[in-house]
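Asker: Build me a model:
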Amino acid sequence: MSPTIEVLGIFLGVVVLYLISCIRILKEYERGVVFRLGRVLLQPKGPGLILVFWPIEVLIRVSLRTFVQDVPTQDVITRDNVSVQVNAVVYFRVVEPLKSVLEVEHYMYATSQLSQTTLRSIVGQAELDELLAERNKINYRLREVLDEHTGPWGVKVELVEVKQVDLPEHMKRAMAKQAESERERRAKVIHAEGEYEAASRLRDAANLIQQYPMAMQMRFLQTLVEVGAENNSTIVFPLPLELTTAFKGSAFSRCSEAKPLNSEKVAENIDHSA
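Answerer: The predicted structure is shown next:
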């Protein structure tokens, strides 16, 4: 074998090995930002099989999947001067691979730092009651501000959720007392409304009984029957004078109708007996 053929074979082998080493495989969720002699190509490559001719080309892989990033706990003072500890979670993804590489050095780290500062800023502008009761409103404002700032980086913030709000112990006790007082107030109001309604019903019943006097006596007797049925005991109750009026009238009439005794017959009976 001549030296020329050997050199040619070695050259072809080197070329084949070089081409094999230039092969890159990008997954479906990946895009490749390629720099050729320091200049970026206008269109990202991928997914699938691509060739990167190093050392004149450099490939940077960018994932298009949604990232979930935990925002560390932040010490925040709300607008009504209450110290709280708040943490959150941020969901974001890359929508423009070129901007995520060219506009910011490390988009994940930059998004994380921006999330922390934005969380402190937004929560500091809200009051404690708003932070506890209107969590969705706070989440929406956080997502809107983050998305506005990360848009030039090619990053889309999809969702921001405040996970937990830790309150100081004295504030928890104060809120517990406030809730207890509020429940007592509602109970008193409900009780007063019940008393008012009961008094109104009793007033209507009194007006009705005033028109029919015997209704009071019938209600009194019915109450006695109910008490005797529930408690097996002897009940002493006053007899209303209205019930004896009828008996008095009948007895007086019978006495008035009785015939008077004859005085002569009485004297005669006395003499015979003597």
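Asker: can you give me the mean pLDDT across the lengthiest helix in the chain?
Answerer: Identified as the longest helix of the chain according to DSSP state H is helix 169-211. For helix 169-211, mean pLDDT rounds to 85.
Asker: Check stretch 46-63 too.
Answerer: On average, stretch 46-63 scores 90.
Asker: Tell me where the protein has strands.
Answerer: Ranges of strands within the chain are 23-26, 30-36, 39-40, 48-51, 57-63, 67-77, 83-94, 155-166, based on DSSP state E.
Asker: Any chance of those in JSON lines with mean neighbour count as columns?
Answerer: C-beta here means a position set from N, CA and C on the backbone, and glycine is covered the same way. Converted to JSON lines, the strands of the chain look like this (neighbours: other C-beta atoms under 10 Å):
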{"stretch": "strand 23-26", "mean neighbour count": "14"}
{"stretch": "strand 30-36", "mean neighbour count": "19"}
{"stretch": "strand 39-40", "mean neighbour count": "12"}
{"stretch": "strand 48-51", "mean neighbour count": "12"}
{"stretch": "strand 57-63", "mean neighbour count": "16"}
{"stretch": "strand 67-77", "mean neighbour count": "14"}
{"stretch": "strand 83-94", "mean neighbour count": "19"}
{"stretch": "strand 155-166", "mean neighbour count": "17"}
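Asker: for those, which one sits closest to Gln113?
Answerer: With distances scored as C-beta to C-beta, the stretch of the strands of the chain nearest to Gln113 is strand 67-77 (10.0 Å).
Asker: Please name every helix or strand in contact with that closest one.
Answerer: strand 83-94, helix 107-124 (3 or more C-beta pairs under 8 Å, 6 or more residues apart in numbering; DSSP states H and E).
Asker: Just put the strands of the chain in TSV and tack on distance to Gln113.
Answerer: Formatted as TSV, the strands of the chain follow (distance: least, C-beta to C-beta, whole Å):
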stretch	distance to Gln113
strand 23-26	29
strand 30-36	22
strand 39-40	25
strand 48-51	33
strand 57-63	20
strand 67-77	10
strand 83-94	11
strand 155-166	13
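Asker: Would you tell me which of those strands gets closest to Glu105?
Answerer: Using C-beta to C-beta, those put strand 57-63 closest to Glu105, at 12.0 Å.
Asker: Strand 30-36 and that closest one, what's the angle between them?
Answerer: 160 degrees (axes from the mean of the first three to the mean of the last three C-alpha atoms, to 10 degrees).
Asker: Output the contacting helices and strands for strand 57-63.
Answerer: strand 30-36, helix 97-102.
Asker: how far away is the nearest residue in space to Ile60 that is not next to it in sequence from Ile138?
Answerer: Nearest in space to Ile60, with sequence neighbours left out and distances taken as C-beta to C-beta, 6 or more residues apart in numbering, is Val33 at 4.6 Å. Using C-beta to C-beta, to the nearest Å, Val33 is found at 35 Å from Ile138.
Asker: among the strands of the chain, which is nearest Leu202?
Answerer: strand 155-166 (50.0 Å).
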